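1. Quick one: sequence and predicted model below, then my questions.
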Amino acid sequence: MILTLAFRNLFHDRIRLAVTLVGILFSIVLVAVQLGLYLGASNMITANIDAAKADLFITVYGAKSFEDGGMLLTSRERHQALATPGVKAVIPLIVRFAEWRKPEGGSTRVVIVGTDAEDGGLAPINLVSGTWEDIKAPEAVAVDRTYFNELGIKGIGDTAQVQNTRIRVRAVTDGVRSFVQSPYTYTTLNRARSIFGDADGITFFLVQTEPGANVEKVRQDLKGRLEGAEVLTKAEFRDRSLKQWLFRTGAGVALIGGALLGSLVGTVIVAQTLYSSTKDHLGEFATLRALGSSSGYIHKVILAQAGISAVVGYLLGISIALTILVLSHNTALPMVMTPGLAFWLFTLTVGMCAISALSAIVKVTKIDPATVFSK
Amino acid sequence: MSQEPVSKEPVSHAPVLEAIDIVKDLGSGAGKVRAVKGASLTLVPGELTLLMGPSGSGKTTLLSILGCILTPTSGTLRIAGISTDKLDAEELAALRRKHMGFIFQSYNLFPTLTALENVRISLDVRGQKGFAAANRSEEVLRDVGLAYRLKSYPGNLSGGEQQRVAVARAIASSPSIVLADEPTAALDGENGHAVMALLARIAKEQHRSVLAVTHDPRTLSYADRVVRIEDGRIVGEERRPEGLDAPEIADLTKRRKAHA
């Protein structure tokens, strides 16, 4: 009967119910989009770090992110690292911004990722056209198809100039977007060196440890040997990159702030409508109290009203959020929705509605059952 | 529903409700009013008692106290032998759940629930759920003559039918005490008589103690006892003599009033 009464109370006034549901819906859509974009941005920022087969990253001291590591390491650090007990492989990686000159004129910035995939460190992510062997061909690079327009090319075979080096697109990746809006351009380590005219400079060393080695001990040993370099775990490097782009630039704060604002707006709207609904039904709640119901029973009715609003509002909101997800697939900042985020959003909706119910519960707690005799 | 004869067998059982020297102050400071001034009353099973008095005499306040809805300023109230002195709001609610059924002047039915659901909810708050509760609700609605109105919403029922739903709701859990506040005030003559006959029948056949607050003279003929309240005090009590038919008590009351 609690659910029946809650359901009837809600659906009795359909306009107010519609206002409640629209409030929840907008809140959910706003939070889903903001957090979906946040997740999308996080994935973009850490995609190459996640794809790298490394237990540890050697970076220049103070390197802020994957894209911002400089080229200050040399083969000296590599040899020192290789001599460290427990280290199986030390794979060099060049990551650096470069100027891409479009065939038809104009230029844009790209991030050159120089890697030797056969070393087992980092291979171009999600190649959909061409292979690593194609990238090893003279002048060859791989770019993401999302950025064809921005790079002034139409597809495989097109040429351009990076710095002063002519390159040709030989392979294409899909969905490898750049948070800094400078497309990742994968090529071999040697070609990257050639593009930048630096025979020995390296941005990162990817360290793979021997099976069974104590990674933390290896890390401490490496720290002792490498002056002016930092040795980071994959998790640390991810966090550092995320902090750099999402928090130092304020982008993440804006996204999370938007999500918080969405939750707040939703809570206020639901609280207002639940409160006014409760106020309208105070006489009925007083009757229930006079009939001997416990205050807990009445609280359950109000919470059930909040719960029904939450479930219906969530289903509507998540449907719209998923539609936006599909529409954002080919944009520069695609939204991401994971089962975890969907579940979290549901929890947030229920929590938001439960908090909203508090004002109504406070109101109903003050009911004087004697009012049933004063009609 | 037709008026049913009231049993003439005397009822002599232990009191289900005892109110001793009840005082109730309403308001505070300069606006404080003593609404009930030392009222004492006892209810026993099998009796329909009327609490009668003019407007402002304190009868509804006293009913609220007897129903454990208001707490007295002083005095003792015992329900089924349990003193309410030290009970908090939740314990008083539990006492109402266990021992009492209420009938209100304005019916106080839930407009979004059907007649059947209105009765069921009174069982639901008492923890009686499922088919047993549904069957019991249907049974009491049939008992008050509303078998054909189970699925009707209050808005589609006449005043008399709504009050009968309220009566069914009050008795569904088989409480030992039924308290009614002006049960006929909003009803026409025929429906008023039907509801009073129903209350009298509940008192007699189901052996419950029914107390109705009223100033409706039509109700006198159904009473086993009439308690009069004026200015917050019980000023008189008339009991129908044994062997007297139900309608005759009304004449008796009239004669007593004439002598006074």
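-> Perfect, I can see it now.

2. List the contacts of the nearest residue to B:Asp216 once chain neighbours are set aside.
-> Once flanking residues are discounted, B:Asp216 sits nearest to B:Thr184: 4.8 Å by C-beta to C-beta, 6 or more residues apart in numbering or on different chains. All C-beta spots, glycine's among them, are computed from the backbone N, C-alpha and C. Taking C-beta atoms under 8 Å, 6 or more residues apart in numbering or on different chains, we find B:Thr184 in contact with B:163, B:191-192, B:195-196, B:214, B:216, B:218-219.

3. Tell me, what's the model's pLDDT at whichever residue of the stretch 201-350 of chain A sits closest to chain B?
-> Proximity of the stretch 201-350 of chain A to chain B (C-beta to the nearest C-beta) peaks at A:Gly292, 3.2 Å away. A:Gly292 is assigned a pLDDT of 86 by the prediction.

4. Distance of it relative to B:Arg96?
-> As for A:Gly292, its distance to B:Arg96 is 4 Å (criterion: C-beta to C-beta, to the nearest Å).

5. go on, B:Arg225?
-> 23 Å.

6. The two: which has the busier surroundings?
-> B:Arg96 (26 against 19; other C-beta atoms under 10 Å in any protein chain shown).

7. would you list every one of the strands in the chain?
-> Just so you know, I chose chain A. Secondary structure of chain A (DSSP state E): strands at A:56-60, A:87-101, A:107-114, A:127-129, A:140-144, A:159-162, A:165-173, A:184-187, A:204-209, A:229-233.

8. Chain B, not that one
-> B:17-26, B:33-43, B:48-52, B:74-79, B:82-83, B:100-103, B:177-181, B:209-214, B:225-230, B:233-239.

9. does any part of the fifth one sit near chain A?
-> Yep, that's strand B:82-83 we're talking about. No - judged by C-beta under 8 Å from any C-beta of the partner chain, strand B:82-83 stays clear of chain A, getting no closer than 14.4 Å.

10. what about the closest residue in space to A:Thr173 that isn't next to it in sequence, how many residues close to it?
-> Once flanking residues are discounted, A:Thr173 sits nearest to A:Asp144: 4.7 Å by C-beta to C-beta, 6+ apart. For A:Asp144, the count of nearby residues is 23 (other C-beta under 10 Å).

11. What of B:Phe104?
-> 22.

12. One more: the one 5 residues further on?
-> Burial of B:Leu109 is recorded as 25 neighbouring residues (other C-beta under 10 Å).

13. Might you report the residue contacts of B:Val178?
-> By C-beta under 8 Å, 6+ apart, the contact set of B:Val178 is B:100-103, B:170-171, B:199, B:202-203, B:208-211.

14. show me what contacts the residue nearest to A:Thr173?
-> Neighbour list for A:Asp144: A:172-177, A:183-184 [criterion: C-beta under 8 Å, 6+ apart].

15. Now with 7 Å, please.
-> A:Asp144 sits next to A:173-174, A:176-177, A:183-184 when contact means C-beta atoms under 7 Å, 6 or more residues apart in numbering or on different chains.

16. could you flag which of those residues are buried?
-> A:173, A:176-177, A:183-184 (16 or more other C-beta atoms under 10 Å in any protein chain shown).

17. coming back round to it: please tabulate the strands of chain B in JSON lines, including the columns mean pLDDT.
-> Below are those laid out as JSON lines (pLDDT from 0 to 100):
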{"stretch": "strand B:17-26", "mean pLDDT": "90"}
{"stretch": "strand B:33-43", "mean pLDDT": "89"}
{"stretch": "strand B:48-52", "mean pLDDT": "91"}
{"stretch": "strand B:74-79", "mean pLDDT": "92"}
{"stretch": "strand B:82-83", "mean pLDDT": "90"}
{"stretch": "strand B:100-103", "mean pLDDT": "90"}
{"stretch": "strand B:177-181", "mean pLDDT": "90"}
{"stretch": "strand B:209-214", "mean pLDDT": "90"}
{"stretch": "strand B:225-230", "mean pLDDT": "91"}
{"stretch": "strand B:233-239", "mean pLDDT": "88"}
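
18. so what pLDDT did residue 87 get?
-> Going with chain A. Note on A:Val87: pLDDT of 91.

19. oops, chain B please
-> Confidence at B:Leu87, expressed as pLDDT, is 89.

20. what's around B:Ala134, how many residues?
-> B:Ala134, neighbours per other C-beta under 10 Å, totals 17.

21. Could you do A:Val218 as well?
-> A:Val218: 22 neighbours (other C-beta under 10 Å).

22. how close does it sit to A:Ala271?
-> A:Val218 is 54 Å from A:Ala271, by C-beta to C-beta.

23. Identify the residues contacting the residue nearest to B:Asp143 when sequence neighbours are not counted.
-> Excluding its sequence neighbours, the residue lying closest to B:Asp143 (C-beta to C-beta, 6+ apart) is B:Ala168, at 7.1 Å. By C-beta under 7 Å, 6+ apart, B:Ala168 lies in contact with B:119, B:140-141, B:144, B:146.

24. ok, 10 Å please
-> B:Ala168 makes contact with B:101, B:103, B:115-116, B:118-119, B:122, B:137-146, B:198 under the criterion C-beta atoms under 10 Å, 6 or more residues apart in numbering or on different chains.
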